[in-house]
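K.L.:
structure of the sequence below:
(chains A and B)
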2 protein chains.
Amino acid sequence: MTNDLTLTLTRHINASPATVWRGWTDPELLVKWFAPNPVEVVTCEVDPTPGGLFNVIMQMPGHDPMVAPAGCVLVAVKDARLVWTAALGPGFAPNPPYDTADDFYLTVDLTMTAEDGGCRYTVKAMHATKAMHATPAAVQAHEKMGFFEGWGTTTDQLSALAEAP
Amino acid sequence: MTNDLTLTLTRHINASPATVWRGWTDPELLVKWFAPNPVEVVTCEVDPTPGGLFNVIMQMPGHDPMVAPAGCVLVAVKDARLVWTAALGPGFAPNPPYDTADDFYLTVDLTMTAEDGGCRYTVKAMHATKAMHATPAAVQAHEKMGFFEGWGTTTDQLSALAEAP
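P.N.:
Model (predicted):
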């Protein structure tokens, strides 16, 4: 599913909402699935409270870490909904504008709801237009960069982790 | 008071925290003080809930309205704290990067606490650096543009409104 400015991925995961929540908010679990293999998570800090830090830095082996400003948690409803954005840092302070036309800030709105003994898991990735009144180029760029493949892969990884006995 | 990235203004207002809160969240009151005279507020919509709209458009008589993307409420603790940002729009979606080097996105963190029969009112205006590792030019620009004069003037206006019998 997609619209002009939001990419949405939804899945059934055969684990409780609480388990999926832990997969997103416990750094020791997040590092295990957040990056699409072979990319690795090299820094992972999450403070699941409004205004809290959301800082995940990834690295492709043999390359420099993908450094970006730390993000900010906006909504944290335990076992139900986590919203974070890269456009703000801890304490809601605005992050600097990005340097290159290929970068963009995301807001990610995650929900997890009990369903059939498991969990309905939905990721909404919200983008800005590149400029006011511009075409939604950032969304198309993100989709071309493999949003569905990348988030699909990592959601498989999250599912596998959450569903492990 | 100021630091590298945050400008802070604090005042005693001779009215209750609830009255000051209403001054910020009731559009019919907000339009009366938000713009430094002779600037006028021509559009004013506030939904004081996390993810809600914060949209105030000002106009200098004889000039075009100062159009900007709508902002987003982040924290809304009635009669105590209101945080909103221009970097995100309603529903936490990122706003587009600004077009010119003179523009910047603010996050504003307002607190109102009972003090001496009135209210301690504090405005923290948080800025991004212009780019990662850059000097805090946006803050200095905002200070030069008259942050303390402008917010001081409008805080006088808010005080007068809140303190009116």
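
K.L.:
separation between the residue minimising distance to the centre of chain A and A:T8?
P.N.:
Centroid-nearest residue in chain A, with C-alpha atoms, centre = their mean: A:V108, separated by 5.4 Å. Relative to A:T8, A:V108 is positioned 11 Å away (C-beta to C-beta, to the nearest Å). In this view, the C-beta of every residue, glycine as well, is placed from N, C-alpha and C.

K.L.:
find residues that contact each of the two.
P.N.:
A:V123, A:K124, A:A125 (C-beta atoms under 8 Å, 6 or more residues apart in numbering or on different chains).

K.L.:
closest to chain B among those residues?
P.N.:
Of all those, chain B sits closest to A:K124, with 9.2 Å by C-beta to the nearest C-beta.

K.L.:
hang on, the closest one in a strand?
P.N.:
Yes: according to DSSP: H, G, I helix; E, B strand; the rest coil, A:K124 belongs to a strand.

K.L.:
can I assume it is in contact with A:V108?
P.N.:
Yes: assessed by C-beta atoms under 8 Å, A:K124 is found in contact with A:V108 at 7.1 Å.

K.L.:
quick one on the thing from earlier: and the residue nearest to the centre of chain A, what element?
P.N.:
A:V108 belongs to strand A:106-115 when assigned by DSSP states H and E.

K.L.:
count of residues packed around the closest residue to A:V75 other than its chain neighbours?
P.N.:
Among residues not flanking A:V75 along the chain, A:V83 sits closest, at 3.9 Å (C-beta to C-beta, 6 or more residues apart in numbering or on different chains). For A:V83, the number of neighbouring residues by other C-beta atoms under 10 Å in any protein chain shown comes to 23.

K.L.:
the strand holding A:V108 and chain B, are they touching?
P.N.:
Yes: Strand A:106-115 lies within reach of chain B by C-beta under 8 Å from any C-beta of the partner chain, at A:L106, A:T107, A:D109.

K.L.:
would you enumerate the residues in contact with the last one?
P.N.:
Think A:D109. A:V75, A:R81, A:V83, A:V123, A:K124, A:M126, B:G91, B:F92.

K.L.:
quick check, the first one in contact with A:R81.
P.N.:
In other words, A:V75. Yes: under the criterion of C-beta under 8 Å, A:V75 makes contact with A:R81 at 5.8 Å.

K.L.:
between those two, which one's more packed in?
P.N.:
A:V75 (19 against 16).

K.L.:
that's a helix at that one, yeah?
P.N.:
No: assessed with three-state DSSP, A:V75 is strand; it does not lie in a helix.

K.L.:
point out the residues in chain A that sit beside chain B.
P.N.:
Residues of chain A lying near chain B (C-beta under 8 Å from any C-beta): A:5-6, A:50-51, A:69, A:74-75, A:83, A:85-88, A:91-99, A:104-107, A:109, A:126-132, A:134.

K.L.:
what subset of these is buried?
P.N.:
Using 16 or more other C-beta atoms under 10 Å in any protein chain shown as the burial test, the residues of chain A next to chain B include A:5-6, A:50-51, A:69, A:74-75, A:83, A:85-88, A:92-98, A:104-107, A:109, A:126-130 as buried.

K.L.:
pLDDT score assigned to A:P165?
P.N.:
For A:P165, the model assigns a pLDDT of 74.

K.L.:
what is the neighbour count of it?
P.N.:
If we define neighbours as other C-beta under 10 Å, then A:P165 has 2 of them.

K.L.:
what about it, distance to A:S16?
P.N.:
For A:P165, the distance to A:S16 - C-beta to C-beta - is 13 Å.

K.L.:
check A:Q59 too.
P.N.:
31 Å.

K.L.:
got it, and A:M60?
P.N.:
From A:M60 to A:S16 the distance is 33 Å (C-beta to C-beta).

K.L.:
ok, those two, which is more surrounded?
P.N.:
A:S16 (16 against 12).

K.L.:
test my guess that that one contacts A:G118.
P.N.:
Yes: judged on C-beta under 8 Å, A:S16 makes contact with A:G118 at a distance of 7.3 Å.

K.L.:
in its sheet, which strands sit next to the strand holding A:V108, and in what direction?
P.N.:
strand A:81-85 (antiparallel), strand A:118-127 (antiparallel) (DSSP bridges).

K.L.:
chain center to that strand: distance?
P.N.:
Offset of strand A:106-115 from its chain centre (C-alpha atoms, centre = their mean, to the nearest Å): 10 Å.
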